[in-house]
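Undergrad: Attaching a predicted model along with its sequence, questions to come.
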Amino acid sequence: MAAKVDLSTSTDWKEAKSFLKGLSDKQREEHYFCKDFVRLKKIPTWKEMAKGMTGKVEEPQYKKDKQLNEKISLFRGDITKLEVDAIVNAANSSLLGGGGVDGCIHRAAGPLLTDECRTLQSCETGQAKITCGYRLPAKYVIHTVGPIVHGEPSDSQAAELRSCYLNSLDLLLEHRLRSAAFPCISTGVFGYPNEAAAEVVLTTLRAWLEQHKDKVERLVICVFLDKDESIYRQRLPHYFPPDSPGPDGPCSQL
Ligand code: ADP
């Protein structure tokens, strides 16, 4: 293990990164920026969450697949608190931090994150780059740049949003990581309409999980706003149809 490093005062990101890599999960906890972090096992899977839901799914768009429902979660809250292998940052092309979720992630991780990001130069729309998570409970941050949209998104903007998710997932596999949390990329200052973004996200994650489900433990859709929570609660059952235990069971009312 590298020599002990105090992450709140260290000024060398490379030294801090290699120090963190040598720590056990338990030892890393001492360096988190917060005490009220959320462990992955405390985040219910969609399979568990859907059990308690009421409402009706007329015609789900996809086949029921129990295994997939255990690989996806909807979580509402601050993505910086999640103890997953990687959180995804809705960054801007400079990668040097900004407002919204990007600002929250940089503040929580600390200045070493910006130092490492500076060495990555910049990032094009739809692309993704990975860094250490520093003081975050997440080991890594995957920075991706979503499209800026005014009004209705075009097909190419939808493709760019899709690429943000796919390129982030490629990095996840490349680094042999097994869990990730995504914010609602582009739907804040970047202006992508929330419903349309959710359709892109759910289509992309469903198709990706069908192909790669064995390689990941969990993908978390992390929503922050009431509006996004209700969109995903409504749309998830179409993409990830839940179990229906029988005509009188709870899910018959979904
Ligand atoms: P973009 O520039 O890609 O539109 P924003 O940061 O403006 O990114 O918004 C993306 C989404 O992230 C929005 O839904 C916003 O409410 C949400 N968000 C903001 N802060 C957080 C946070 N701490 N955790 C999770 N999501 C967040």
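TA: Received it, and whenever you're ready, just let me know what you need.
Undergrad: what about the nearest residue to Tyr239 once chain neighbours are set aside, helix or strand, and which?
TA: Among residues not flanking Tyr239 along the chain, Leu202 sits closest, at 4.2 Å (CB to CB, 6 or more residues apart in numbering). Using the backbone N, CA and C atoms, a C-beta is placed for each residue, glycine as well. Following DSSP states H and E, one finds Leu202 within helix 194-212.
Undergrad: which of the residues in that helix are buried?
TA: Under the neighbour-count criterion of 16 or more other CB atoms under 10 Å, helix 194-212 has 194, 196-206, 208-209 buried.
Undergrad: mind giving me TSV with those residues and columns for pLDDT and distance to the ligand?
TA: Below are the buried residues of helix 194-212 laid out as TSV (pLDDT from 0 to 100; distance: CB to the nearest ligand atom, whole Å):
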residue	pLDDT	distance to the ligand
Asn194	98	8
Ala196	98	13
Ala197	98	9
Ala198	98	11
Glu199	98	15
Val200	98	13
Val201	98	12
Leu202	98	15
Thr203	98	19
Thr204	98	16
Leu205	98	16
Arg206	98	21
Trp208	98	20
Leu209	98	21
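Undergrad: Name the nearest of the residues you listed relative to Leu172.
TA: Nearest to Leu172, judged by CB to CB, of the buried residues of helix 194-212 is Trp208 at 10.0 Å.
Undergrad: gap between that closest one and Pro60?
TA: 18 Å (CB to CB, to the nearest Å).
Undergrad: Alongside the ligand, which residues does the stretch 101-250 of the chain contribute?
TA: The stretch 101-250 of the chain has residues 101-102, 104, 146, 183-190, 222, 224-225, 228 near the ligand, with proximity defined as CB under 6 Å from any ligand atom.
Undergrad: re earlier: pretty sure the residue nearest to Tyr239 is touching Arg235, no?
TA: Yes - here Leu202 reaches Arg235: they are 5.9 Å apart, a contact under CB atoms under 8 Å.
Undergrad: doesn't Glu195 make contact with Ile231?
TA: Yes - shown here, Ile231 and Glu195 form a contact pair, counting by CB under 8 Å, at 5.7 Å.
Undergrad: follow-up on the earlier one: counting by contacts, list what the helix holding Leu202 packs against.
TA: Counting contacts by 3 or more CB pairs under 8 Å, 6 or more residues apart in numbering; DSSP states H and E, helix 194-212 is packed against helix 66-69, helix 155-174, strand 218-223, helix 226-239.
Undergrad: got the contact list for the nearest residue to Ala86 once chain neighbours are set aside?
TA: In this structure, Ala86 finds its nearest non-sequential neighbour in Tyr140, 4.1 Å apart by CB to CB, 6+ apart. Counting by CB atoms under 8 Å, 6 or more residues apart in numbering, Tyr140 touches Asp85, Ala86, Ile87, Ile130, Thr131, Cys132, Gly133, His175, Leu177.
Undergrad: Next, the residue in the stretch 151-254 of the chain that the ligand sits nearest to: phi, psi?
TA: Per CB to the nearest ligand atom, Gly188 is where the stretch 151-254 of the chain lies closest to the ligand, at 2.1 Å. When read as degrees, to the nearest 10, the backbone of Gly188 gives phi -90, psi -120.
Undergrad: Please name the residues that touch it.
TA: Residues near Gly188 by CB under 8 Å, 6+ apart: Ala90, Gly99, Gly100, Val101.
Undergrad: Let's see that with 7 Å instead.
TA: By CB atoms under 7 Å, 6 or more residues apart in numbering, the contact set of Gly188 is Gly100.
Undergrad: Can you get me a residue count around Asn69?
TA: Asn69 has 21 neighbours, counted by other CB atoms under 10 Å.
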